[in-house]
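Q: Pasted the sequence and its predicted model underneath.
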Amino acid sequence: MAERKPIISGNWKMNLNHFEAIQLVQKLSYALTKDDVEAVDVSIHPPFTDLRSVQTVLEADKIPIALGAQNCHWESSGAFTGEIAPVMLAKLNVSLVIAGHSERRQLFGETNQDVNRKIKAILNAEMTPIMACGETLEQREAGEMEEHIVTQITEGLSGIKSEHVADMVIAYEPIWAIGTGATATPEDAQEVCALVRATVGNLYTSGTADKVRIQYGGSVKPGTAPELMSQPDIDGALIGGAALSSEDFAHCIQYRLR
């Protein structure tokens, strides 16, 4: 079995101006030890308007946290008012980009094909995609969860080479647990993360499936992180609300000590 280093990512969504972002990053850096960032890969995903300020702080203070983005367009330039190209993010030393977050799918109508185009563009710009997948409560209760997840992964990864998939991150986010305070039980989360890994194995090879890192996302908090992270197919967390608190986010990163 491949040794998969845990990856914990903070998705700030549409929160914090660039002054608040600087403060949060500085507080987070004080809360983390050298052992913390050696044991766990950490990324933060601020709004676009914060990226340059956060990049400057991370680099000036040599803070070992990766800079990520929440979204991008699939074209490198063009008449796409309000959109951001992957190459623009790469110039800010962004290293990870979320593609297909459930809020993008539900609120802005993104399709699996859109997500696939974004993943290819992110890879072409030499960044790492975090591809999100997840089901609604209605889909789960109707017994459609497995088919929905498999379809999202199959169509999202269409045409992407095995070696690129192995280096990606896939985030399982049960939509019914995002921002609701509800959290899938560790057993529920493990079941679907195992399905994600098996699907990658079916599409590629067992070696590819063994290498890809799978995050769980959905109201992850310091109190729930340790048990979730103990599951064999959960390699990290994509954290929303708790990532807006330096203390809570640090405690999630330090799950192994709790």
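A: Right, received. Where do you want to start?
Q: Tell me how many other residues surround the closest residue to I239 other than its chain neighbours.
A: Sequence neighbours aside, V220 is the residue nearest to I239 in space, at 4.9 Å (criterion: C-beta to C-beta, 6 or more residues apart in numbering). Where C-beta positions appear, they are placed from N, C-alpha and C, glycine not excepted. Counted with other C-beta atoms under 10 Å, the neighbours of V220 add up to 30.
Q: May I ask you to confirm that V220 belongs to a helix?
A: No: assigned with DSSP: H, G, I helix; E, B strand; the rest coil, V220 falls outside any helix and is coil.
Q: wait, what's in contact with it?
A: Applying C-beta atoms under 8 Å, 6 or more residues apart in numbering to V220 gives the contacts T183, L228, A237, L238, I239, G240, A242, C252.
Q: Output these in JSON lines, with distance to H148 and neighbour count appended to each entry.
A: Shown next, in JSON lines, are these (distance: C-beta to C-beta, whole Å; neighbours: other C-beta atoms under 10 Å):
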{"residue": "T183", "distance to H148": "20", "neighbour count": "19"}
{"residue": "L228", "distance to H148": "21", "neighbour count": "24"}
{"residue": "A237", "distance to H148": "21", "neighbour count": "29"}
{"residue": "L238", "distance to H148": "18", "neighbour count": "27"}
{"residue": "I239", "distance to H148": "23", "neighbour count": "27"}
{"residue": "G240", "distance to H148": "21", "neighbour count": "23"}
{"residue": "A242", "distance to H148": "26", "neighbour count": "21"}
{"residue": "C252", "distance to H148": "27", "neighbour count": "27"}
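Q: farthest pair in these?
A: Between any two of the contacts of V220, the greatest separation by C-beta to C-beta is 14.3 Å, found for L228 and G240.
Q: Using CSV, write out every CA atom in the helix or strand of the chain with the lowest mean pLDDT.
A: Using mean pLDDT, DSSP states H and E, the weakest-scoring helix or strand in the chain turns out to be helix 137-141, at a mean of 90. Taking C-alpha atoms only, helix 137-141 is exported to CSV below (Å, rounded to 0.1, in the frame of the first residue of the first chain):
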residue,chain,number,x,y,z
LEU,A,137,-29.9,13.8,0.9
GLU,A,138,-32.6,12.9,-1.6
GLN,A,139,-30.2,10.9,-3.7
ARG,A,140,-28.9,9.0,-0.7
GLU,A,141,-32.5,8.2,0.6
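Q: going on from it, what's the next piece of helix or strand?
A: Sequence-wise, the next helix or strand downstream of helix 137-141 (DSSP states H and E) is helix 145-156.
Q: Show the model's pLDDT score for the residue of the chain positioned farthest from its centre.
A: The centre of the chain is farthest from one residue, A79, which by C-alpha atoms, centre = their mean lies 27.9 Å away. A79 carries a pLDDT score of 98 in this model.
Q: On the three-state scheme, it is what?
A: Here A79 is recorded as coil under three-state DSSP.
Q: any idea where the strands of the stretch 151-258 of the chain begin and end?
A: Using DSSP state E, counting those that start in this stretch, the strands of the stretch 151-258 of the chain run over 169-172, 213-216, 236-239.
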